[in-house]
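S.K.: Here is my input, please return the structure:
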Amino acid sequence: MASLATAITSLIESKKYGTLRDILITMNAADIAALFEDLEPEMLPRLFRLLPKELAADTFVEMESDSQEMLIKGFSDSELKEVIDELYIDDAVDIVEEMPANVVKRILAQADPDTRKLINELLKYPDDSAGSIMTTEYVELRPNWTVEDAIKTIRRTGIDKETINICYVTRADRTLYGYVTIRRLILSQPDVLIGELADQNVISCKTLDDQETVAQMLSKYDLIAIPVVDGENRLVGIVTVDDAIDVLQEEATEDIEKMAAITPSDKPYLKTGVFGLYLHRIPWLCILMIAAIFTELVINHFSNLMSIQFQSFISAMLLACIPMLMDTGGNAGNQASVTIIRGLSLGEIEFKDLPRVIFKECRISLLAGATLAVVNFGKMMLMYAITYHNNFENQFTPYLLIAITVSIALMCTVFLAKFIGCSLPILAKKIGFDPAVMAGPFITTIVDVTSLLLLFGLALMIVPKVV
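M.R.: Numbering: from 1, shown residues only. The predicted structure is shown next:
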């Protein structure tokens, strides 16, 4: 893309606009939008005006919001109207949501009254709902029409619809009756009634359903579109698969950012300034830093006890094991939480499954904990043998007890980490919190404190008996 951008820049400087147009019309809208991002901003208006109306509208939808805003400010009223007229309603709504108030006012002013009314209606739906991502541009048929009538309607109105592959059949009061595919219409006799062809086993969603749930329904049932109905089962719009893909990508990005203790952002990384990234990251860093005070209190408290009861080299060895114990516990907890969060987001796990999840993770933790404990014990004894090879009997008994203590603490830490990691996300979703917030650093902080309590508690119980 970089080499193409260089070639395009050269053609612009040479004013070979005919050649530029010939190149651009052979490209996909998404590729043109990506190309525009690699060019100097002042070049975009000239290139955009070379595109045919339909391709220009498709490219505009694929562009980043800041590039869209820049183009809108450079458009004349007639150019802006041409672009808006070519946009599907759901795309127009998405653009309006991203623009500042002064740009929105200009967009709505250039839209025709019907389009403006539809945009305003869709904007009333809550964010992240099916209503906010649906389009009202679909083919609507009646049960008493013939196949011939339906095909005539599709030919007359289909050019303005987002999809004609699936046509929805509604009654006179616009309640959803069923659906019929374009394939079935074409292969049927002209005089057959639509009501006889329509499949009445319709999978639909409500306007207030969560958009992620709707996107998952499209994936689960292998649909290219899903009808959206109101409380009285009246068809008000459809959600298409391209919008579902965008939703799943946004939700996955948001979950990843939350799991990494970052406030979600709508802008790409390279489009976000240093201060903007700082603002997204610093709140959680502050919270987690303050939460680490519990870890500090535990270490300080037990350090004082160990200095009284243990020889200095024993205290030093126990403290040296803290990073390994905390890291392993955090990793174990994150493994469980990420798996459970994915299951929750895909609808594979519900609150009623909590006992089964805990039982399974407990068995996994016992196997993993026992394995790690054995490996850790062997590692510590090997390190002892290497360190004290000239005097193997020196302090062997205390060191053996320390190795046993750390290994037991490790096994218990893994067990607790997986228990916390699998249960917290499910409980969080039950009470209305985002499960992704319970992953990563949040669980690690809890596991850090519990692992230290286990290590020092076991050391005070086991080591002093012989030492």
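S.K.: How about the contacts made by Arg46?
M.R.: Ile12, Tyr17 (C-beta atoms under 8 Å, 6 or more residues apart in numbering). All C-beta atoms are positioned from the backbone trio N, CA, C, and that covers glycine.
S.K.: And it, how far from Ile8?
M.R.: Using C-beta to C-beta, to the nearest Å, Arg46 is found at 11 Å from Ile8.
S.K.: Also Pro126?
M.R.: 41 Å.
S.K.: Compare neighbour counts for those two and give me the winner.
M.R.: Between Pro126 and Ile8, counted using other C-beta atoms under 10 Å, the more crowded position is Ile8 (20 against 12).
S.K.: Quickly find the element holding the more buried one.
M.R.: For Ile8, the element it lies in under DSSP states H and E is helix 2-13.
S.K.: buried stuff in that helix?
M.R.: Ala5, Ile8, Leu11, Ile12 (16 or more other C-beta atoms under 10 Å).
S.K.: Please report the number of neighbouring residues for the nearest residue to the first one once chain neighbours are set aside.
M.R.: Meaning Ala5. The shortest distance from Ala5 to any non-neighbouring residue, by C-beta to C-beta, 6 or more residues apart in numbering, is to Asp38 (4.0 Å). Asp38 has 13 neighbours, counted by other C-beta under 10 Å.
S.K.: hang on, isn't Asp38 packed against Thr9?
M.R.: No. In this structure Asp38 lies outside contact range of Thr9 using C-beta atoms under 8 Å: 9.2 Å.
S.K.: Would you mind giving the secondary structure of Leu235?
M.R.: Following DSSP: H, G, I helix; E, B strand; the rest coil, we place Leu235 in the strand state.
S.K.: Domain map for this protein?
M.R.: As assigned by automatic domain parsing, the chain contains the domains 2-124, 133-246, 292-465.
S.K.: Nearest to Ile256, out of these?
M.R.: In terms of C-beta to C-beta, the element of the domains of the chain nearest to Ile256 is domain 292-465, at 8.0 Å.
S.K.: Point me to the residue sitting closest to the centre of this protein.
M.R.: Nearest to the mean C-alpha position of the chain, by C-alpha atoms, centre = their mean, lies Ala252 at 1.6 Å.
S.K.: quick one: that one from Ser345, how far?
M.R.: Separation of Ala252 from Ser345 (C-beta to C-beta) stands at 8 Å.
S.K.: Okay, now the unreliable bits of the stretch 301-450 of the chain?
M.R.: Applying pLDDT under 70 to the stretch 301-450 of the chain picks out residues 304-313, 388-395, 438-441.
S.K.: can we see that at 80?
M.R.: 301-317, 345-347, 384-399, 433-434, 436-444 (pLDDT under 80).
S.K.: The residue nearest to the centre of the chain is in what secondary structure piece?
M.R.: Using DSSP H and E, Ala252 maps to helix 241-259.
S.K.: send the alpha carbons of that helix over as CSV?
M.R.: The C-alpha coordinates for helix 241-259 follow below in CSV (Å, rounded to 0.1, in the frame of the first residue of the first chain):
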residue,chain,number,x,y,z
VAL,A,241,-24.0,-9.5,8.7
ASP,A,242,-21.5,-6.7,7.9
ASP,A,243,-22.7,-4.7,10.9
ALA,A,244,-22.5,-7.8,13.0
ILE,A,245,-18.9,-8.3,12.1
ASP,A,246,-18.1,-4.7,13.1
VAL,A,247,-19.9,-5.2,16.4
LEU,A,248,-18.0,-8.4,17.2
GLN,A,249,-14.7,-6.7,16.3
GLU,A,250,-15.5,-3.7,18.5
GLU,A,251,-16.6,-5.9,21.4
ALA,A,252,-13.5,-8.1,21.2
THR,A,253,-11.3,-5.0,21.1
GLU,A,254,-13.1,-3.5,24.1
ASP,A,255,-12.8,-6.8,26.1
ILE,A,256,-9.1,-7.0,25.3
GLU,A,257,-8.5,-3.4,26.5
LYS,A,258,-10.5,-4.0,29.7
MET,A,259,-8.6,-7.2,30.4
